[in-house]
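*Asks:* fold the following for me, if possible:
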Amino acid sequence: MIDLRGFRGWAKLNEQPFLRLLREEKVSRRAFERWLAQEQYLYQAMLDLQTALLRQAPQKHRLIMVNALLVMVEELDWLADLELPPVPVHPARQHYLDFLQGLEHVPYAMGCVAHWARHRAFFDAWSSHPPQEAPGGLADQVAQHWMAPEAQALLHDLGSLALEACEELRPAEVDGVVGRVLQLEQSAWEMALEFALEDSLGEGSGKA
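*Replies:* Numbering: from 1, shown residues only. As a prediction, this is how the structure comes out:
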């Protein structure tokens, strides 16, 4: 299995002030919902990428890619049910969307590795700041949803695909695409922190 810990930027990615504040219940619900709304944009772009990857995937990869696509559809349905307030696309998020759109036009192996890297990096960041034992607000519900055993099983399957895909790429290509994903993930967490600091917890705002 590929290990992200060998890539530059991984350690920093797992030391996110936003997630620490979230665990300490210092992020307002409004700020958290703003971040989730940006995730909605990302998930739609991920769905588009998965559709493109499925068309290119070798036969033995297709079942796992179909499962990933179905999970993403369910994620988008779940986010829609939260009835998040509409927000414009943040510039940091737009850079990520542009990157994902570009992956639709690169060789399958590169898109496959990038797709896995995003899932792995996101999971690692969340798992480094586990929720409180007693579930409470929206943030706890979200964390438990994303850390569910089914999500971890899919991550393992995507890792096996990425490992095979790496055999078709030069080491520099793997380093480049994974490094770019880690950069974009870091920018995304900085965006989330920006929301938290702009809308610090105050009277009537409620905890996430």
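*Asks:* now do the contacts for the most centrally placed residue in the chain.
*Replies:* Nearest to the geometric centre of the chain sits Phe122, at 4.4 Å (Cα atoms, centre = their mean). Shown in contact with Phe122 (Cβ atoms under 8 Å, 6 or more residues apart in numbering): 146, 185. For every residue, glycine as well, the C-beta is placed using N, CA and C.
*Asks:* hmm, try it at 10 Å
*Replies:* 13, 39, 42, 146, 151, 155, 181, 185, 188-189 (Cβ atoms under 10 Å, 6 or more residues apart in numbering).
*Asks:* give the buried residues for the helix or strand of the chain with the lowest mean pLDDT.
*Replies:* Taking mean pLDDT, DSSP states H and E as the measure, the helix or strand of the chain with the lowest value is helix 10-13, at a mean of 72. Buried residues in helix 10-13, counted by 16 or more other Cβ atoms under 10 Å: 10, 13.
*Asks:* again with stretch 153-173
*Replies:* Buried-residue list, stretch 153-173, by 16+ other Cβ under 10 Å: 154-155, 157-159, 161-162, 165-166, 169, 173.
*Asks:* what about Val89, which SS state?
*Replies:* Recorded secondary structure, Val89: coil (DSSP: H, G, I helix; E, B strand; the rest coil).
*Asks:* that one against Glu39, yeah?
*Replies:* No: taking contacts as Cβ atoms under 10 Å, Val89 lies outside contact range of Glu39: 11.6 Å.
*Asks:* neighbour count winner among the two?
*Replies:* Glu39 (20 against 13; other Cβ atoms under 10 Å).
*Asks:* for that one, give me its contacts.
*Replies:* Glu39 touches 46, 75-76, 79, 84, 93, 122, 142, 146, 188, 192, counting by Cβ under 10 Å, 6+ apart.
*Asks:* how near is it to Arg93?
*Replies:* The gap separating Glu39 from Arg93 is 9 Å, by Cβ to Cβ, to the nearest Å.
*Asks:* Val87 now?
*Replies:* 10 Å.
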